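*Asks:* requesting a structural model of the entry that follows:
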Amino acid sequence: MSVVPRKVIRKKLLHTAVLDKIEREHLNLDTDQVHNSLHRLRQHVTGASLTRCLDQWEHIVRNNDIDAVREIDASDTETAREMRNLSPLSVLLSEPERLHVIDDLRTCESTNGC
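*Replies:* Numbering: from 1, shown residues only. So this is what the prediction gives:
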């Protein structure tokens, strides 16, 4: 049995929380806040693979493609994990919402439910 790194689990939980909020509140992805997040991510990314992920995010955001966000959330491929890792959407969560996800992760880990 392989061990899934904590960061991968945290990113998955954060991505799911963002998707839930987007769907619940009918949020638009194509906002200055998300574009600024993408810009900050681009400043710290090197390598063709990661740059392609950010290019995909740019396309998803520009087109408000919620279905693509759902696909990334549901998939467990290496590409989906990279996309979640580089997601600019976490800025749509408030600090209390982010902390709630982290608390859920701690609870999950303490009960070995992850």
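
*Asks:* the longest helix along the chain - contacts with which helices or strands?
*Replies:* Of all the elements of type helix in the chain, the one with the most residues (DSSP state H) is helix 6-25. If contacts are counted by 3 or more CB pairs under 8 Å, 6 or more residues apart in numbering; DSSP states H and E, helix 6-25 sits against helix 66-74, helix 78-85, helix 95-110. (Glycine included, C-beta is placed from N, CA and C.)

*Asks:* for the last one, buried residues please.
*Replies:* By neighbour count, with 16 or more other CB atoms under 10 Å as the criterion, the buried positions of helix 95-110 are 101, 105.

*Asks:* what angle do helix 6-25 and it make with each other?
*Replies:* Computed with axes from the mean of the first three to the mean of the last three CA atoms, to 10 degrees, the direction of helix 95-110 lies at 130 degrees from that of helix 6-25.

*Asks:* what mean pLDDT does helix 95-110 get?
*Replies:* The pLDDT scores in helix 95-110 average 82.

*Asks:* residue 68: neighbour count?
*Replies:* By the criterion of other CB atoms under 10 Å, residue 68 has 17 neighbours.

*Asks:* need the contact list for the closest residue to residue 80 other than its chain neighbours.
*Replies:* Spatial nearest neighbour of residue 80, chain neighbours left out: residue 72 (5.1 Å); criterion: CB to CB, 6 or more residues apart in numbering. Residues in contact with residue 72, defined by CB atoms under 8 Å, 6 or more residues apart in numbering, are 15, 80, 83-84, 87.

*Asks:* which of those residues sit farthest apart?
*Replies:* The most widely separated members of the contacts of residue 72 are 80 and 87, with 10.5 Å between them, by CB to CB.

*Asks:* between these two, point out the one with more neighbours.
*Replies:* Higher neighbour count among residue 80 and residue 87: residue 87, with 26 against 17, using other CB under 10 Å.

*Asks:* right, I'll call it a day here.
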